[in-house]
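Trainee: give me a model of this one.
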Amino acid sequence: MTDTPAIAPLNTLVDALYTIVERQQERVMLYEQDGAWRSISSSDLYRRVAGVANALRARGITHGDRVAILSENRPEWTIADLAVLMIGAVSVPIYATLTAEQCAFHVSHSGAKTVFVSNAIQRRKIEDIAAVAPVERVIMMEDPAPARSELGFAVESMRQMMDSGPTERDHELDALAHSIRPDDLATLIYTSGTTGTPKGAMLTHGNLTSNIQFSTRELNFVDGDISVSFLPLSHITARHVDFAQLYGGVTLAYCPVIEDLPRVMKQIRPTIFIAVPRVYEKIYNGVQRQIGQGAKRKFYRWALRVGERNESTILALKRPRSLSWKLAHKLVFSKVMEAMGGRVRIFISGGAPLGHELAEWYAKIGIVIHEGYGLTETSPVISINTPAAHKLGSVGRPLANVEVRIADDGELLVRGPSVFSGYWNMPQETANAFENGWFKTGDIAHFDADGFLSITDRKKDLIKTSGGKFIAPQPIENSLKANPLISEAAVIGERRRFPAVVIAPSFATLEQWATENGVLYSSREQLVQHPRVQNLYSGIIENVNSNLAKFEKMKKVLLLPEELTIENGMLTPTLKLRRRNVEARYRSQIEELYSESTLPAESSAAS
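Mentor: Got it, this is the predicted structure:
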């Protein structure tokens, strides 16, 4: 591989498109069709984007108009996005997993009259909300069914728009695209809504491009790099890294269905892997399930001890040379890499805290994950670990073009060119988000002596017990989730005498354990109530408690007979825990949990 050719300055997101066009890549994007992987070249991409852009202009869509995109990841998502941006309009991404009612809020609040949808399933959501949303036109990425006149909106084919694109450069369209300014609004990205009503963060071209240039400058993309696009493009993290990679010459392979990711990784063999912590957790849990018991587990534990002895070398991005490391890598660690295609050289995590235990496990097996941190409102990256500057357990050093400081109460404040201007049509929420020109992140943070940033917790998630003690739940939850028997964990205890925890087991792992240990059950309800299972999880809690302050120790555990999912409202589309929803859904069980407690007086006083 050779270094990627020099790329032009990036002032607007449209500049990224023209950089790709001028680079004349044979494989800008890859997508799967009829069981085979097909490619889109630079010239193909321009023709398709220009075709859609001209079609939008012909239908009266112009500068500042909002256009929604409701789709899974696929090339058409990015093509629609670029076409909207090319004519100065504003993209409004909507999570493909949202219900029709949730989509109605995004479409109505943004005022989007045109919606790109991927397929008939997504189109039906727009049909269901036609009476309450301002939709005039639906553009389908897959072949549309005939429009029903009673719906009140047109249904058109994106394929026809793409096919109508010019075979040569469209100078009139190019001139319009180059007239876009950095301070023009590029997108409204609605926060995932862990609490309250989603808010549409207004991000300009300049916000996003300033972040792209500074967040990826030390990641060293090279010619031939390839990455799988599977994180929802409706989320700022995925949108940011995909734009950054396309701009940097990386080929994107689209994976619309996350369940297909293991297969796609083996087929595509990416060199860059960018994921949220939940994906890294699933890989870790999969390894734990395959280990089993007996000699195989003993050998695995030996390999981890070898990895631990070589951890400093690995974190310095050097390959250990000892014979024991080579053996452990060949027989154990390389299997994890092979499951991800065997070629990944850059691992990145963002979107939520990775957790120190999980990051350390990956380091022991030879994988250094560069964890970053940011928010939708900051376009998103505030800080990131890089190959040049990495510290395990931190989220890296702040980008060179942002200023950060810690408020008196521990909250991280930030300002700079990547910070948004406010929330769409929400002046009071916008005013509340700033303090003397500094954006209030809502995260509690601290710096170490070397300038590396660590995030302790969300300010709003801090738990205050009845004894006046503050508990940061996320680090505790991350420690719990490092155990393969735990899928999700929610520490509770606000205004209570002591903290407790609600746990959703990883049922694949738990059921395997039950089989191996002769635990009989007929349902998940019966399984989680089994005394041996209760004792198993009590042991996990006690192990985590051993590293906590006395007032932080969890005294009770509620085991749930179900997963926490997006579908049941317990997780956001970005797989973050909806803490309030969890406490509301299981309120009666939580009340019973606390009413049954018979704690010694000293435990109560310590809380």
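
Trainee: so where is the stretch 1-150 of the chain shaky, pLDDT-wise?
Mentor: 1-8, 145-150 (pLDDT under 70).

Trainee: got it, and the stretch 151-300 of the chain?
Mentor: 192-196.

Trainee: mind doing that once more with 80?
Mentor: 151-152, 192-197, 292-294 (pLDDT under 80).

Trainee: ranges for the strands of it?
Mentor: In the stretch 151-300 of the chain, strands defined by DSSP state E, counting those that start in this stretch lie at 154-157, 185-190, 200-204, 226-229, 251-254, 272-275, listed in chain order.

Trainee: so which of those is nearest Asp450?
Mentor: strand 272-275 (24.9 Å; C-beta to C-beta). For glycine as for every other residue, the C-beta is placed from the backbone atoms N, C-alpha and C.

Trainee: and that closest one, what other elements does it pack with?
Mentor: strand 226-229, helix 236-247, strand 346-349 (3 or more C-beta pairs under 8 Å, 6 or more residues apart in numbering; DSSP states H and E).

Trainee: got the strands of the stretch 151-300 of the chain as TSV, with mean neighbour count and distance to Ala130 columns?
Mentor: Below are those laid out as TSV (neighbours: other C-beta atoms under 10 Å; distance: least, C-beta to C-beta, whole Å):
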stretch	mean neighbour count	distance to Ala130
strand 154-157	16	11
strand 185-190	24	20
strand 200-204	25	21
strand 226-229	24	31
strand 251-254	24	29
strand 272-275	24	36
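
Trainee: so which of those gets nearest Ile346?
Mentor: Here strand 272-275 is closest among the strands of the stretch 151-300 of the chain (C-beta to C-beta), at 4.7 Å.

Trainee: now the closest one, how far from the centre of its chain.
Mentor: How far strand 272-275 lies from its chain's middle: 11 Å, per C-alpha atoms, centre = their mean, to the nearest Å.

Trainee: now render the helices and strands packed on strand 272-275 as a markdown table, adding distance to Trp513.
Mentor: What follows is those, written out as a markdown table (distance: least, C-beta to C-beta, whole Å):
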| stretch | distance to Trp513 |
| --- | --- |
| strand 226-229 | 31 |
| helix 236-247 | 33 |
| strand 346-349 | 27 |
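
Trainee: picking up where we left off before, could you dump the strands of the stretch 151-300 of the chain to JSON lines with distance to Thr19?
Mentor: What follows is these, written out as JSON lines (distance: least, C-beta to C-beta, whole Å):
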{"stretch": "strand 154-157", "distance to Thr19": "29"}
{"stretch": "strand 185-190", "distance to Thr19": "16"}
{"stretch": "strand 200-204", "distance to Thr19": "19"}
{"stretch": "strand 226-229", "distance to Thr19": "17"}
{"stretch": "strand 251-254", "distance to Thr19": "14"}
{"stretch": "strand 272-275", "distance to Thr19": "18"}
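
Trainee: looking at these, which is closest to Ile590?
Mentor: Using C-beta to C-beta, these put strand 185-190 closest to Ile590, at 29.8 Å.

Trainee: need the residues that contact the closest one.
Mentor: 12-13, 64, 66, 85, 90-94, 106, 109-110, 198-205, 207-208, 234-236, 239, 376, 424 (C-beta atoms under 8 Å, 6 or more residues apart in numbering).

Trainee: repeat for stretch 162-178
Mentor: 14, 17-18, 46-55, 57, 76, 79, 86-88.

Trainee: what do you get if the cut-off is 6 Å, keeping everything else the same?
Mentor: If you take C-beta atoms under 6 Å, 6 or more residues apart in numbering as the criterion, stretch 162-178 is touched by 14, 47-48, 50-52, 86.

Trainee: any idea how far apart the tips of that stretch sit?
Mentor: Stretch 162-178 has its terminal residues 21 Å apart, counting by C-alpha to C-alpha, to the nearest Å.

Trainee: and for stretch 59-71?
Mentor: End to end - C-alpha to C-alpha - stretch 59-71 spans 21 Å.

Trainee: which parts of that stretch are buried?
Mentor: 59, 61, 65-71 (16 or more other C-beta atoms under 10 Å).

Trainee: and which of the residues you listed is nearest Glu435?
Mentor: Arg66 (29.1 Å).

Trainee: I'd assumed Gly111 was in contact with the closest one.
Mentor: Yes - judged on C-beta atoms under 6 Å, Arg66 makes contact with Gly111 at a distance of 5.4 Å.

Trainee: how does this protein divide into domains?
Mentor: Domain segmentation of the chain under automatic domain parsing yields 13-208, 275-342+345-458, 462-606.

Trainee: what sits up against the longest helix seen in the chain?
Mentor: Longest helix in the chain, counting residues (DSSP state H): helix 42-58. Residues from elsewhere that reach helix 42-58 (C-beta under 6 Å, 6+ apart): 20-21, 24-25, 28, 79, 82-83, 86-87, 161-162, 164-166, 170, 173.

Trainee: dump it to PDB, restricted to CA.
Mentor: In PDB, the C-alpha atoms belonging to helix 42-58 read as follows (Å, rounded to 0.1, in the frame of the first residue of the first chain):
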ATOM      1  CA  SER A  42     -15.800   8.100  -8.800                       C
ATOM      2  CA  SER A  43     -17.400   8.900 -12.200                       C
ATOM      3  CA  ASP A  44     -20.400   6.600 -11.300                       C
ATOM      4  CA  LEU A  45     -20.800   8.500  -8.000                       C
ATOM      5  CA  TYR A  46     -20.800  11.900  -9.600                       C
ATOM      6  CA  ARG A  47     -23.300  10.800 -12.300                       C
ATOM      7  CA  ARG A  48     -25.700   9.400  -9.700                       C
ATOM      8  CA  VAL A  49     -25.400  12.300  -7.300                       C
ATOM      9  CA  ALA A  50     -25.800  14.900 -10.100                       C
ATOM     10  CA  GLY A  51     -28.800  13.000 -11.400                       C
ATOM     11  CA  VAL A  52     -30.600  13.200  -8.100                       C
ATOM     12  CA  ALA A  53     -29.500  16.800  -7.400                       C
ATOM     13  CA  ASN A  54     -31.000  17.900 -10.800                       C
ATOM     14  CA  ALA A  55     -34.200  16.000 -10.200                       C
ATOM     15  CA  LEU A  56     -34.600  17.700  -6.800                       C
ATOM     16  CA  ARG A  57     -34.000  21.100  -8.400                       C
ATOM     17  CA  ALA A  58     -36.600  20.300 -11.100                       C
END
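
Trainee: quick one, that helix and helix 236-247 angle?
Mentor: With axes from the mean of the first three to the mean of the last three C-alpha atoms, to 10 degrees defining the directions, helix 42-58 sits at 120 degrees from helix 236-247.

Trainee: list the buried residues for helix 42-58?
Mentor: For helix 42-58, by 16+ other C-beta under 10 Å, it's 42-57.

Trainee: from those residues, which single one is nearest Asn545?
Mentor: Leu45 (54.0 Å).

Trainee: which of the helices and strands packed on strand 272-275 sits closest to Arg297?
Mentor: Using C-beta to C-beta, the nearest of the helices and strands packed on strand 272-275 to Arg297 is strand 346-349, at 25.4 Å.

Trainee: which other residues reach the following helix or strand past the closest one?
Mentor: Once the chain leaves strand 346-349, the next helix or strand it forms, by DSSP states H and E, is helix 356-364. By C-beta under 6 Å, 6+ apart, the surrounding residues in contact with helix 356-364 are 304, 307-308, 311, 314-315, 369, 392-393, 479, 482.

Trainee: do stretch 89-98 as well
Mentor: So stretch 89-98 is contacted by 61, 65-72, 81, 84, 103, 106, 110, 112, 185, 187-188, 232, 234, 566, 573 (C-beta under 6 Å, 6+ apart).

Trainee: could you list the low-confidence segments of the stretch 351-500 of the chain?
Mentor: In the stretch 351-500 of the chain (pLDDT under 80), no residue qualifies.

Trainee: and for the stretch 501-607 of the chain?
Mentor: 573-575, 596-607.

Trainee: one more time with 90
Mentor: Where the stretch 501-607 of the chain drops to pLDDT under 90, the residues are 549, 565-569, 571-580, 593-607.
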